[in-house]
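*Asks:* 3D model of this:
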Amino acid sequence: MTATQTVYEPKFIESKWQEIWEKQNTFHATEDTSKKKFYCLEMFPYPSGRIHMGHVRNYSIGDAIARFKKMRGFNVLHPIGWDSFGMPAENAAIERKTHPAQWTLSNIEAMKVQFKKMGFSYDWDREVATCLPDYYRWEQKIFLEMYEKGLVYKKKSFVNWCPKCETVLANEQVEDAGCWRCSSLVEQKPLEQWFFKITAYAQELLDDTYKLAGWPERVLTMQREWIGKSEGSEIDFEIEGHAGQKIKVFTTRPDTLFGATFMSIAAEHPLALQLSKGTEQERLVKSFAEKVAKMDRAQRLTQDYEKEGVFTGAYCLNPVNGRRMPIYAANFVLADYGTGAVMAVPAHDQRDFDFSKKYKLPMEVVIQPAGEKLDPLTMKAAFVETGLLVNSGSFSGMGSEMAKKEIVKHLEGKGLGKGTVNFKLRDWGISRQRYWGTPIPMIQCSHCGIVPVSENELPVLLPTDVEFTGKGGSPLKQIKSFVEVTCPKCQGAARRETDTMDTFVESSWYFLRYTSAKKNNGAFDKEAVKYWFQNPDGTFGVDQYIGGIEHAVLHLLYSRFFTKALRDLGYLPEGCENPLVISSRRGWSLKMAPR
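*Replies:* Next comes the predicted model:
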């Protein structure tokens, strides 16, 4: 463009200034205590191959904020990276007959060129790619340390299973009861899985939602509901004819205990088949359990889902009045939700009411609204509010709130139950039966059991000599050089874990790695984290986060969990007692994130 030229020619002017910025390291950030810092963060993209307008929108917002703060004299950190593991790369590898690493890395290079053409103010020296060993080796180290602290464990759990892809699916990957990858009907299958013990931080995660002043209220509400704290009581119901064996339930309404007339347990609950074994109901229960295994897990919890069940042939006893209660396997109870059993009070719970009507089970009113008299024979729906107790022995005449406390005291005095707090939040299942993910650094020895990989052997590298057939299942199981190892403890023959980690793990700490992305002797530098995260008002977090509402629960909740676990493992600097991921003092932008 000449001095007299007035027409804006983006091809010329943009490339000219981008070249100047690059030569002068204009957007390179270093720790400088003489300036106020500002950490501007956008949710990092998945390298799908080409940027689209969703990307442009998301990253233009961050660029505008970062440039504005820089012009105001702030020392700005504006990093970028790539959320580069995951199933889409495997899909692409199968479809294109290529390798996920080749496909992913070539996409990163293509998108990097496009980002640079957009002129975004990134500090490219801090670029990270989660699929590279210099990133995931530290994730493996953190995993091992969490395992030592009791925050990682393995257990059998019911999972969303695609029989064609032969892999576990997250709830979000189940679409209309089918697999997002191949549309096959998803089943509920018991499988050994690795878990992060996020429930160890349930109360703290909940408490913090009242301290995150800069967060949108909609996000905080979603997280509170996901964590789902409930105060109530655990109650034991003795199983008739099975000496010493009991069914434990959790309820928020102990005031309705006298109205419990039957018991509902999950069809996949071990007791379902155990109680029906050898009876005429065994075949029916087994057939029903197989049917329920093919049902959509999320839909089973909805109110409008058709309630179905089958009698197990067994009974339990109501602990306060000795009522003989038939035990049903039901499709609206989940084995991994609460205790996997629900005391059914049909007069005062709508699901139980619907189930009772369908199977002609007894119903007893034990809570009456003021000025009314409910009759179970004429009720059109369950009465779910509080009121005065009736038909409840010595507790009759009490208000619901007082009765809750008094009935719990009575149960505790008899050793039949106790007051307790329950959370809807479940531990985070991170196992994925796929190839393109961080290898889980554990070994299975027939003599020693589960043995962690020695830290000096990290990273456990993802092998590249794999064959993708498209038939499903992880190809890692077929690589003898990867699977067959020596036990670190007894030196005997052992097998390496072939599950890889959920990609949400990588996105739970990348914002910390950005502060010292080139560090080769640790996950990140404490002092760098302290500079970029610590705020004058005592809060600890990035100053601006830009992303989408679809990540309001899982990504943001997992990130908050990770920072707390890292705090307790000694990764974060002194004074960081309450890491919030995102500072409460400035807030963040919420929009639809790019895919």
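
*Asks:* only C-alpha atoms for contact and neighbour calcs from this point on.
*Replies:* Fine.

*Asks:* Residue 523 contacts residue 513, correct?
*Replies:* Yes. Here residue 523 reaches residue 513: they are 6.3 Å apart, a contact under Cα atoms under 8 Å.

*Asks:* neighbour-wise, which of these two wins?
*Replies:* The residue with more neighbours, out of residue 523 and residue 513, is residue 523; 25 against 21, by other Cα atoms under 10 Å.

*Asks:* Burial check on the nearest residue to the more buried one once chain neighbours are set aside, number of neighbours?
*Replies:* Spatial nearest neighbour of residue 523, excluding adjacent residues (Cα to Cα, 6 or more residues apart in numbering): residue 138 at 5.2 Å. By other Cα under 10 Å, 19 other residues sit near residue 138.

*Asks:* Can you list the residue ranges for strands in the stretch 351-500 of the chain?
*Replies:* Per DSSP state E, counting those that start in this stretch, the stretch 351-500 of the chain carries strands over the ranges 367-368, 388-389, 417-423, 428-429, 431-432, 442-445, 449-452, 484-486, 493-496, 500-501.

*Asks:* residues contacting the nearest residue to residue 553 once chain neighbours are set aside?
*Replies:* Nearest residue to residue 553, sequence neighbours excluded (Cα to Cα, 6+ apart): residue 223, at 5.5 Å. Residues near residue 223 by Cα atoms under 8 Å, 6 or more residues apart in numbering: 206, 209, 552-553, 557.

*Asks:* just checking, next helix/strand downstream of the host helix or strand of residue 223?
*Replies:* Applying DSSP states H and E as the criterion places residue 223 in helix 217-227. Remark: after helix 217-227, the chain's next helix or strand is strand 229-239, criterion DSSP H and E.

*Asks:* Show me what that next one is packed up against.
*Replies:* Here strand 229-239 touches strand 246-251, strand 309-317, strand 417-423, going by 3 or more Cα pairs under 8 Å, 6 or more residues apart in numbering; DSSP states H and E.

*Asks:* Of all the residues in it, which ones are buried?
*Replies:* Within strand 229-239, the residues scored as buried using 16 or more other Cα atoms under 10 Å are 229, 232-239.

*Asks:* Check stretch 139-156 too.
*Replies:* Here stretch 139-156 shows 139-147, 151-153 as buried, counting by 16+ other Cα under 10 Å.

*Asks:* sorry, back to before: taking the buried residues of strand 229-239 together, which two end up most distant?
*Replies:* Comparing every pair within those by Cα to Cα identifies 229 and 239 as the most remote, at 28.7 Å.

*Asks:* and residue 419, how far is that from residue 16?
*Replies:* Separation of residue 419 from residue 16 (Cα to Cα, to the nearest Å): 70 Å.

*Asks:* okay, these two: which has more neighbours?
*Replies:* Counting neighbours by other Cα under 10 Å for residue 419 and for residue 16 shows that residue 419 has the greater number, 21 against 12.

*Asks:* quick one: low-confidence parts of this protein?
*Replies:* Where the chain drops to pLDDT under 70, the residues are 1-5, 170-172, 297-299, 301-304, 469-473, 577-595.

*Asks:* Could you look up the SS state of residue 203?
*Replies:* Under the three-state scheme (DSSP: H, G, I helix; E, B strand; the rest coil), residue 203 adopts helix.

*Asks:* hmm, back to that, tell me which of the strands of the stretch 351-500 of the chain sits most buried.
*Replies:* strand 431-432 (a mean of 27; mean count of other Cα atoms under 10 Å).

*Asks:* So what are the sheet partners of that one and their directions?
*Replies:* Strand 431-432 has its sheet partners listed here by DSSP bridges as strand 500-501 (antiparallel).

*Asks:* what's the partner strand in contact with?
*Replies:* Taking Cα under 8 Å, 6+ apart as the rule, strand 500-501 contacts 430-440.

*Asks:* Buried ones only from these, please, as a ChimeraX command.
*Replies:* Of these, the buried ones go into a single ChimeraX selection, burial set by 16+ other Cα under 10 Å:
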select :430,431,432,433,434,435,436,437,438,439,440
